[in-house]
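Enquirer: Turn this into a structure:
(one chain, ligands or ions: 2)
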Amino acid sequence: MQKVGVVGGGLMGSGIAEVCARAGLDVIVVESTEASAEAAKGRMTKSLERAESKGKIESAAAVLEGIRFVTDLEQLHDRDLVIEAIIEDEEIKTQLFRDLDRIVASPDAILASNTSSIPIMKLGVVTSRPERVIGIHFFNPVPVLKLVELVPSIVTDPAVTEIARTFVEGTLGKEAIDCKDRAGFVVNALLIPFVLSGIRMVESGFASPEDIDKGLVLGAAHPQGPLALADLIGLDTTKAVAESLYEEFKEPLFAAPPLLNRMVEAGLLGRKTGRGFYTYN
Ligand SMILES: CC(=O)CC(=O)SCCNC(=O)CCNC(=O)[C@H](O)C(C)(C)COP(=O)(O)OP(=O)(O)OC[C@H]1O[C@@H](n2cnc3c(N)ncnc32)[C@H](O)[C@@H]1OP(=O)(O)O
Ligand SMILES: NC(=O)C1=CN([C@@H]2O[C@H](COP(=O)(O)OP(=O)(O)OC[C@H]3O[C@@H](n4cnc5c(N)ncnc54)[C@H](O)[C@@H]3O)[C@@H](O)[C@H]2O)C=CC1
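Expert: Ligands and ions are numbered 1, 2, ... in the order given. This is a model prediction of the structure:
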């Protein structure tokens, strides 16, 4: 696993590309437009410069040299591993997996998804090699959080899971847990209902976002409360994850509350747009 491709250089893709480049891998990031490729590079530069200023890496510039930012998916033809991190939309992701199946040449290559909640089988089945498709699910912020969920589908080759484990634990120095291929895997199946419950509390006027978050930080030692967390994840992603979970399990606890839907319609997506439950500079 020397040549890695990351498709989507948003919040997660830029973090994944950063940790791969910091591990000395040859990384290509594919974005959909020149402007978004520039934005991805800007995000990574900022994060690497912060790491350099704290003495965590020697040189941000040297790490950046290991990353190419492109808009042409065909450039991924020689990759050993491609990690998809585009928006949480099943139709758009399945189209991308069809394209990756055509483009990535080596039959030994692994096609991975960072999806939060879409069952991996739905992505594998549109390729000619579902046995080489797996979920490698990182957590936000990627440079900080240690966990990666490994999600083989019911037809993923067990050898692929072991290669992915060696990549995640050996090469990247993260910790893996094994999950079955059900919407939301382990962490989001527990975390998203918590976030949605916080949103329902705000919606019903039960308490303010500030007080709910303060309650969970000071009363339960969470690093952030559910509303700050929704803003960090992105309200669009939170809604998409809730919808996948609801589609799979039909449990009311996974249903997106109307306030979440209205905020997404209004473009109040959290940190990424500067306003969600809180306002950011
Ligand atoms: C939706 C999904 O599919 C799955 C998910 O990811 S769900 C979301 C999971 N994520 C969480 O639950 C996050 C919970 N929150 C936290 O862990 C913390 O609040 C936080 C790391 C985000 C911020 O921590 P904080 O202590 O309030 O802030 P801060 O002091 O600025 O940061 C702590 C450290 O993280 C680093 N950091 C924070 N954000 C960072 C980022 N985006 N990139 C790189 N480093 C970052 C800081 O540089 C700092 O490093 P040092 O300890 O070396 O100084
Ligand atoms: N936000 C979070 O906390 C987490 C999100 N995830 C998952 O990671 C994936 C990405 O999420 P985020 O990074 O938060 O989203 P984001 O909205 O920040 O980034 C998505 C990026 O993909 C790009 N993109 C869209 N279609 C593309 C295409 N066809 N080709 C190339 N680039 C394309 C967009 O330009 C954008 O930069 C989603 O599947 C999400 O569920 C996983 C863990 C945590």
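Enquirer: Flag every residue of the stretch 151-281 of the chain that's near ligand 1.
Expert: Applying Cβ under 6 Å from any ligand atom, we find that the stretch 151-281 of the chain lies next to ligand 1 at 188, 191, 223-224, 229, 232-233, 237, 241. Using the backbone N, CA and C atoms, a C-beta is placed for each residue, glycine as well.
Enquirer: Now residue 150, what are its backbone angles?
Expert: Per-residue torsions, residue 150: phi -100, psi 120 (degrees, to the nearest 10).
Enquirer: so the closest residue to it other than its chain neighbours is in which element?
Expert: Leaving aside its sequence neighbours, residue 150 sits nearest to residue 176 (Cβ to Cβ, 6 or more residues apart in numbering; 5.0 Å). Using DSSP states H and E, residue 176 maps to strand 175-178.
Enquirer: name the helices or strands packed onto that strand?
Expert: strand 147-152, helix 158-165 (3 or more Cβ pairs under 8 Å, 6 or more residues apart in numbering; DSSP states H and E).
Enquirer: Give me whichever of these is most buried.
Expert: Mean neighbour count, computed with mean count of other Cβ atoms under 10 Å, is highest for strand 147-152 among the helices and strands packed on strand 175-178, reaching a mean of 22.
Enquirer: What helices and strands are in contact with that strand?
Expert: Packing partners of strand 147-152 (3+ Cβ pairs under 8 Å, 6+ apart): strand 133-138, helix 158-165, strand 175-178.
Enquirer: How far away from the center of its chain is it?
Expert: Centroid separation for strand 147-152 versus its chain: 11 Å, with Cα atoms, centre = their mean, to the nearest Å.
Enquirer: so that strand versus strand 133-138, what angle?
Expert: Strand 147-152 runs at 170 degrees relative to strand 133-138, counting by axes from the mean of the first three to the mean of the last three Cα atoms, to 10 degrees.
Enquirer: What count of nearby residues applies to whatever residue of the stretch 1-150 of the chain ends up closest to ligand 2?
Expert: Relative to ligand 2, the nearest point of the stretch 1-150 of the chain is residue 10 (1.8 Å; Cβ to the nearest ligand atom). By other Cβ atoms under 10 Å, 18 other residues sit near residue 10.
Enquirer: That one is in contact with residue 88, isn't it?
Expert: No. Using Cβ atoms under 8 Å as the test, residue 10 is too far from residue 88 to be in contact (10.6 Å).
Enquirer: quick one on the thing from earlier: and the residue of the stretch 1-150 of the chain closest to ligand 2, what is it in contact with?
Expert: The neighbours of residue 10, taking Cβ atoms under 8 Å, 6 or more residues apart in numbering as the test, are 36, 40, 85-87, 272.
Enquirer: Which of those fall in strands?
Expert: Nothing among the contacts of residue 10 maps onto strands, per DSSP state E.
Enquirer: most surrounded residue in these?
Expert: Within these, residue 85 tops the neighbour count with 26 neighbours, counted by other Cβ under 10 Å.
Enquirer: mind checking how far that residue is from residue 159?
Expert: Applying Cβ to Cβ, to the nearest Å, the value for residue 85 to residue 159 is 24 Å.
Enquirer: before we move on, what about residue 255?
Expert: Taking Cβ to Cβ as the measure, residue 255 falls 39 Å from residue 159.
Enquirer: go on, residue 19?
Expert: To residue 159, residue 19 is 24 Å away according to Cβ to Cβ.
Enquirer: can you list contacts of the helix or strand of the chain with the lowest mean pLDDT?
Expert: Of all helical and strand segments in the chain, the minimum by mean pLDDT, DSSP states H and E falls on helix 60-65, at a mean of 94. Defining contact as Cβ under 8 Å, 6+ apart, one finds that helix 60-65 is touched by 18, 21-22, 41, 44-45, 48-49, 51-52, 57.
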